[in-house]
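Enquirer: the sequence and its predicted three-dimensional model are supplied below.
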Amino acid sequence: MTEADTANQARPSLSALGQYIKDLSFENPNAPNSLVPRENGPNIAINVNVNAKQIGETDFEVELLLEGKAGEADDVMFRFELIYAGVFRILNIPAENIQGVIMIECPRLLFPFARQIVADSVRNGGFPPLLIDPIDFAGLYQQKISQMQSETVGNA
């Protein structure tokens, strides 16, 4: 083995082995009434979640869940739910950093594809495409860590 081979083996690496729609749902419950143009735009709510599980020694499945709706109560224009997932291989990253890579970098790589699927689904439902703003996955991860720490302190 050459010195270059040894250096390449020790280099940290994150590889996307595959990406796929795990679940997709789009509802237009009040059509055709919901398709009538309105003066005011609808109230749009979007929830984001990230789940991950280890599926091999160096492989992880990461799920990006996007749920949203436009409208309120009985006047829902549309709702969607997307679970977009990827399988990632993580090599030569210290164990203490793997969780951050999985919960920040992997969903960051998945997001543009999931965003396009949502935009296309909303457009195909008869509405203007919904272009979700970029998501701060590092901030979401920090919130989740803080929430887990306060729950641990509260239970102690």
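Expert: That came through, no problem.
Enquirer: pairing partners for the residue nearest the centre of the chain in the sheet, please.
Expert: The chain has Leu64 as the residue nearest its centroid, 2.7 Å off, counting by C-alpha atoms, centre = their mean. With beta bridges defined as DSSP bridges, Leu64 has these partners: Val50, Tyr84.
Enquirer: return the residues in contact with it.
Expert: Listed by C-beta atoms under 8 Å, 6 or more residues apart in numbering, the contact set of Leu64 reads 48-50, 82-85, 107, 110-111, 114. Glycine gets a C-beta too; all of them are placed from N, C-alpha and C.
Enquirer: now which of the residues you listed would you call buried?
Expert: Using 16 or more other C-beta atoms under 10 Å as the burial test, the contacts of Leu64 include 48, 50, 82-85, 107, 110-111, 114 as buried.
Enquirer: this structure: helices as residue ranges?
Expert: Remark: helices assigned in the chain by DSSP state H are 3-10, 95-100, 106-124, 137-155.
Enquirer: and those helices, which is most packed in?
Expert: Of the helices of the chain, the one with the most neighbours on average (mean count of other C-beta atoms under 10 Å) is helix 106-124, at a mean of 18.
Enquirer: helices or strands next to that one in the packing?
Expert: Judged by 3 or more C-beta pairs under 8 Å, 6 or more residues apart in numbering; DSSP states H and E, helix 106-124 is in contact with strand 13-27, strand 44-54, strand 59-72, strand 75-91, helix 137-155.
Enquirer: tell me what the longest one is packed against?
Expert: So the one you mean is helix 137-155. Using 3+ C-beta pairs under 8 Å, 6+ apart: helix 137-155 touches strand 44-54, helix 106-124.
Enquirer: and the longest one, what's its mean pLDDT?
Expert: This points to helix 106-124. For helix 106-124, the mean per-residue pLDDT is 97.
Enquirer: keeping just the C-alphas, turn that helix into CSV.
Expert: C-alpha atoms of helix 106-124 as CSV (Å, rounded to 0.1, in the frame of the first residue of the first chain):
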residue,chain,number,x,y,z
CYS,A,106,-27.3,14.4,5.5
PRO,A,107,-30.6,16.3,5.6
ARG,A,108,-28.9,19.3,4.1
LEU,A,109,-28.0,17.1,1.1
LEU,A,110,-31.5,15.7,0.9
PHE,A,111,-33.4,19.0,1.2
PRO,A,112,-33.1,20.4,-2.3
PHE,A,113,-34.6,17.2,-3.8
ALA,A,114,-37.4,17.1,-1.2
ARG,A,115,-38.1,20.8,-1.8
GLN,A,116,-38.5,20.1,-5.5
ILE,A,117,-40.9,17.2,-4.8
VAL,A,118,-43.1,19.3,-2.6
ALA,A,119,-43.1,22.2,-5.2
ASP,A,120,-44.1,19.8,-8.0
SER,A,121,-46.8,18.1,-5.9
VAL,A,122,-48.4,21.4,-4.9
ARG,A,123,-48.2,22.6,-8.5
ASN,A,124,-49.7,19.4,-9.8
